[in-house]
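Undergrad: here you go, sequence then predicted model.
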Amino acid sequence: MSTTDATAAPTGNTGNTEVTGTADVTASTGTADVTASTGTTAATPPPVPGGTKGTRRIAAVVVGLAAAITLLLCAFGLPSAHGGPHHAPLGVSGPRQAVAAVQERLPQEQWDVRTYANAHALTEAIHDRDVVGGLALGADGVDVYTASAGGQQISTAISGLGTGLADQRHVKATTHEVVGFGADDPHGTGLGSLALPLMFGGILPVLILALVAPGAATLRARLGGVIAFAPVAAAGVTAVLHFATGTIDGEYVRTWLGLAFGMLALGLPFLGLQSLFGQRGFLGLAVAMMFLGNPLSGLATGPYWLPDGWSTLGQLLPMGAAGSLLRADAFFHGTGAGAPLAVLGAWSAAGLAMVPVALRRAGRGEGARVVRG
């Protein structure tokens with residue numbers, strides 16, 4: 001009788017394939033263990049996804065976030081670290097020799113000295129926003145004229161100049177506040193805290209309305225919501241500045257309308273970019289406003305306290321223009337409102353122009369789907 005290999009001899013008394021001993025069946029794509037005693041197959045768990053590729057993604061996120069935090073610090077910290085008067089227009093009146101001495105003493109990169117015939121002409125220039133403050137030099141003292149509502153830090157610097165000149169001449173310095181904040185908020189704390197409410201007044205309605213009513217079919221309704229939100233929210237913010245903090249004593253209606261226009265000039269570009277490019281467009285503008293618009297707005301300091309290039313850029317962005325419009329409306333009876341109104345109008349028009357483009361694009365896409373159907 002011939003003998004066969006025991007590992008190849010099957011028995012069939014149970015209906016299952018039974019193998020005497022153990023066989024390891026290795027496939028080209030994985031491994032399976034066949035147990036002879038039970039005839040069952042146990043599959044090896046699939047590998048955990050990610051590996052080297054997942055590690056690279058995590059590393060990229062970590063590096064990107066660290067760079068963003070560093071950039072955020074630079075955006076907020078560098079303008080403040082280099083803050084100070086930058087070509088700030090300063091009025092000076094008094095004897096010609098004394099005025100010439102002041103002009104020679106003050107650094108030209110900090111102060112743009114302008115001469116006036118007397119103290120009355122100097123104060124008129126402050127009201128007209130031709131200068132940010134001034135010094136009236138007299139034989140018995142130095143009169144310092146400030147406008148804290150135009151910039152608290154600039155006014156403090158002008159007061160320091162007047163005190164230094166008075167000490168040098170051994171006379172007394174007397175400070176006169178020409179245009180100040182409300183009596184309940186003499187340092188303008190309420191105005192300085194307006195940056196985030198102003199920015200979120202443009203962001204939040206666009207973001208929330210897109211969640212409540214998404215899609216191109218509701219774009220017109222969302223546009224109406226953004227336009228309606230601006231005056232309603234601005235009325236509340238103006239009421240807080242007027243009645244709660246006391247930052248503003250008067251000019252409620254003018255201030256309310258200016259704030260509403262500022263929020264609208266932020267909201268419409270957000271809506272337009274979102275309608276054309278989705279959330280990528282929305283987030284791109286949000287990052288720009290956070291990293292540039294907020295720290296360069298000059299809300300707390302006034303534009304002359306920032307370095308020249310930063311200041312110019314900040315005034316061309318909606319938040320900086322809205323802040324300048326607020327100062328003009330609330331404290332200077334609208335004087336100096338022309339430039340910020342033009343900037344806000346340009347941003348509003350640009351955002352509004354994107355909406356019909358997005359509607360036409362959505363209409364062409366819908367028409368193409370109907371034809372294919």
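TA: In hand now; what should we look at? Every value quoted in this text rests on a predicted model; they were computed, and no experiment measured them.
Undergrad: where does pLDDT dip in the protein?
TA: By pLDDT under 70, the low-scoring segments of the chain are 1-51, 75-82, 365-373.
Undergrad: and the helices in it?
TA: For the chain, applying DSSP state H gives helices covering 51-81, 96-105, 119-127, 152-169, 189-192, 195-212, 219-239, 252-277, 279-288, 308-315, 318-331, 338-372.
Undergrad: so for Gly182, which of those helices sits nearest?
TA: Among those, helix 189-192 comes nearest to Gly182, with 8.4 Å by C-beta to C-beta. Every residue, glycine included, has its C-beta placed from N, CA and C.
Undergrad: buried residues, the closest one. List them.
TA: 190-191 (16 or more other C-beta atoms under 10 Å).
Undergrad: likewise stretch 305-316?
TA: For stretch 305-316, the neighbour count (16+ other C-beta under 10 Å) marks 305-306, 310-311, 314-316 as buried.
Undergrad: looking at those residues, spot the one nearest Pro197.
TA: Ranked by distance to Pro197 (C-beta to C-beta), those are led by Gly314 at 17.7 Å.
Undergrad: which ones are touching the closest residue in space to the closest one that isn't next to it in sequence?
TA: Once flanking residues are discounted, Gly314 sits nearest to Leu296: 3.0 Å by C-beta to C-beta, 6 or more residues apart in numbering. Counting by C-beta atoms under 8 Å, 6 or more residues apart in numbering, Leu296 touches 75, 79, 306, 310-311, 313-314, 317, 319-320.
Undergrad: can you give me the neighbour number for Leu211?
TA: 7 (other C-beta atoms under 10 Å).
Undergrad: any idea how far Thr218 is from it?
TA: Using C-beta to C-beta, to the nearest Å, Leu211 is found at 11 Å from Thr218.
Undergrad: in JSON lines, list the contacts of Leu296 along with distance to Ala286.
TA: Shown next, in JSON lines, are those (distance: C-beta to C-beta, whole Å):
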{"residue": "Ala75", "distance to Ala286": "14"}
{"residue": "Pro79", "distance to Ala286": "20"}
{"residue": "Leu306", "distance to Ala286": "22"}
{"residue": "Trp310", "distance to Ala286": "20"}
{"residue": "Ser311", "distance to Ala286": "23"}
{"residue": "Leu313", "distance to Ala286": "17"}
{"residue": "Gly314", "distance to Ala286": "17"}
{"residue": "Leu317", "distance to Ala286": "13"}
{"residue": "Met319", "distance to Ala286": "12"}
{"residue": "Gly320", "distance to Ala286": "16"}
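Undergrad: out of those residues, flag the one nearest to Phe243.
TA: Distances from Phe243 to the contacts of Leu296, taken by C-beta to C-beta, are shortest for Met319, at 23.9 Å.
Undergrad: out of the helices of the chain, which one sits most buried?
TA: helix 318-331 (a mean of 27; mean count of other C-beta atoms under 10 Å).
Undergrad: coming back round to it: now the residue nearest to Gly314: how far from Leu241?
TA: For Leu296 relative to Leu241 (C-beta to C-beta), the value is 22 Å.
Undergrad: then Gly94?
TA: For Gly94, the distance to Leu241 - C-beta to C-beta - is 37 Å.
Undergrad: what about those two, which has more around it?
TA: Neighbour count, other C-beta under 10 Å: between Gly94 and Leu241, Leu241 has more, with 26 against 22.
Undergrad: got a list of what the more buried one touches?
TA: By C-beta under 8 Å, 6+ apart, the contact set of Leu241 is 190-191, 194, 247-248, 255, 330.
Undergrad: would you confirm that Gly190 contacts Thr245?
TA: Yes: assessed by C-beta atoms under 8 Å, Gly190 is found in contact with Thr245 at 3.5 Å.
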